[in-house]
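J.: here is the input, now give the coordinates:
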Amino acid sequence: MKYITTSESHFSEFRLWLASQWAVHCNEVLSATHKATTYSMETWIKRNKHFLRRRYSDIILEEKPK
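T.: Modelled structure (predicted):
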């Protein structure tokens, strides 16, 4: 797994991807319901961890050169 190091700590690329997907999800919920989400990112990850892991794996496989 690749990590990105900052002066504070290091984050996995997967965790950064999750944060970007959380933002996309929040925007989708807001545009559909005109209300903000009432749950945290951690709750969303727990509820969707298998889907998110498969989606990330699919994206990584698409990016690999053949």
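
J.: buried sites along the strand or helix carrying S57?
T.: Using DSSP states H and E, S57 sits within helix 41-63. Using 16 or more other Cβ atoms under 10 Å as the test for burial, helix 41-63 gives W44, L52. Quick note: C-beta positions are derived from backbone N, CA and C, even for glycine.

J.: contacts for that helix, please.
T.: F14, W17, L18, A19, Q21, W22, H25, T37 (Cβ atoms under 8 Å, 6 or more residues apart in numbering).

J.: ranking those residues by neighbours, who comes first?
T.: L18 (20 neighbours; other Cβ atoms under 10 Å).

J.: check contacts around it.
T.: M41, I45, L52, Y56.

J.: coming back round to it: tell me the mean pLDDT over the helix holding S57?
T.: Helix 41-63 comes out with an average pLDDT of 92.

J.: distance between that helix and the chain's centre?
T.: Mean-position distance between helix 41-63 and its chain equals 7 Å (Cα atoms, centre = their mean, to the nearest Å).
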